[in-house]
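> sequence and predicted model, in that order:
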Amino acid sequence: MPLLKVRNVTKRFGGLVAVDDISFEIRHGETMAIVGPNGAGKTTMFNLINGVFLADEGQMIFEDVDVTHFPSYRRAHLGIGRTFQIPRPFASATVRENIAIGGMFGAAGSEVNVDEALEMADHYIELIGLTPHRDKPAGGLTPIEKKMVEIARALAMKPRLLLMDEAMAGMNPTDIDKMVEFLKDIRDKEGIAIVAMVEHIMRAVAGLAERVLVMHQGAKLVDEPTQEALSDPKVIEVYLGKPAEEFHA
C-alpha cells in the first residue's frame, strides 16, 4: 500500500491554476524529488501535501486516512513532517530546545512530555552532528548549522513522510554530497520516505532520488525513475538544458 496517494489534485489562486490535476503516489521508505522550472508549482504542491494549502479539487490519502481537508497540525500528528527553505529557529532558545519542539508537536506529541522531548532532541543532535552546539542559542549558528537544526527538528517529529524544501540550497558540492549520504542513511535507519524539492541542484537529485516528479506550468510533466526522468527529451527541453549524466561531475 502506498504511503501517500495524491489523486487529481488541483489548486487555484484566483484565475491562476498553480497545481493542475496532478496524481502520483509515494511509497514507504522511498526517496523522491520534485523539480521543475521557476513557477512550475513545486512549492504549492509541497504546501498541499502538508496542509498549508487545501486542495480545491482531488484527494490525498495518507496511509488509510483521507487528509484532504486536514490542517498542517493534524497531518503532523499522523506523521507528515516538513523543513523549510529558510530556517527560522527560535533564536534565543538553545539548539536542544528547538529540536525538542519537534518532538512535542509531531507524531508522538500527545504522548511526549518536556523531559522526554529533550531526550529525543539529544538523540537527533548526536545523529546530525550538532553535539558541540547543543546548548548554544540557535540564533548564533551559521546558515548551514541552522539548516541542520531544521532537519533535526523535523526528524524529532517522528515523521513517516519528510518533505524537505531546498535543504541543500547554498551548499557547496562537497557539502551537498555529504548531505545526500546523510539523508540516505536517515532514510534507511529511520524508515522514512523523503520527498525533496531540490531547486536547480541536479547533483543532489541524481545522487539522492530514486524517482523524480517533474512539474511544468502546474502540471505533471514526468514521473519516472531518476535517470529516465532526467534523460527525457521533454525535461531537457523545458528544464535541464543538458543530459542528466553531466550533473554528476
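Received, thanks.
> tell me the SS of the nearest residue to His69 once chain neighbours are set aside?
Nearest residue to His69, sequence neighbours excluded (C-beta to C-beta, 6 or more residues apart in numbering): Leu54, at 6.0 Å. Backbone N, C-alpha and C define where each C-beta goes, glycine included. What DSSP: H, G, I helix; E, B strand; the rest coil gives for Leu54 is coil.
> Leu54 contacts Arg74, doesn't it?
No - between Leu54 and Arg74 there is no contact, the gap being 11.6 Å when judged by C-beta atoms under 8 Å.
> hang on, the earlier thing: pLDDT score for the residue nearest to His69?
Looking at Leu54, its pLDDT reads 97.
> what's the neighbour count on it?
If you count neighbours by other C-beta atoms under 10 Å, Leu54 ends up with 14.
> what separation do you get for it and Ala193?
Distance, Leu54 to Ala193, using C-beta to C-beta, to the nearest Å: 22 Å.
> any idea how the chain splits into domains?
1-79+160-249, 89-158 (automatic domain parsing).
> ok, back up a step: give me phi/psi at the residue nearest to His69?
phi -110, psi 140 (degrees, to the nearest 10).
> and the gap between it and Glu116?
Applying C-beta to C-beta, the value for Leu54 to Glu116 is 32 Å.
> and if you look at Leu141?
Per C-beta to C-beta, Leu141 is found 25 Å from Glu116.
> more crowded one of these two?
Neighbours were counted for Leu141 and for Glu116 using other C-beta under 10 Å; Leu141 has more, 20 against 14.
> report the separation between the more buried one and Tyr239.
Distance from Leu141 to Tyr239, by C-beta to C-beta: 33 Å.
> now swap in Met164 and tell me
Relative to Tyr239, Met164 is positioned 19 Å away (C-beta to C-beta).
> what about those two, which has more around it?
Between Met164 and Tyr239, Met164 has the larger neighbour count (other C-beta under 10 Å), namely 26 against 20.
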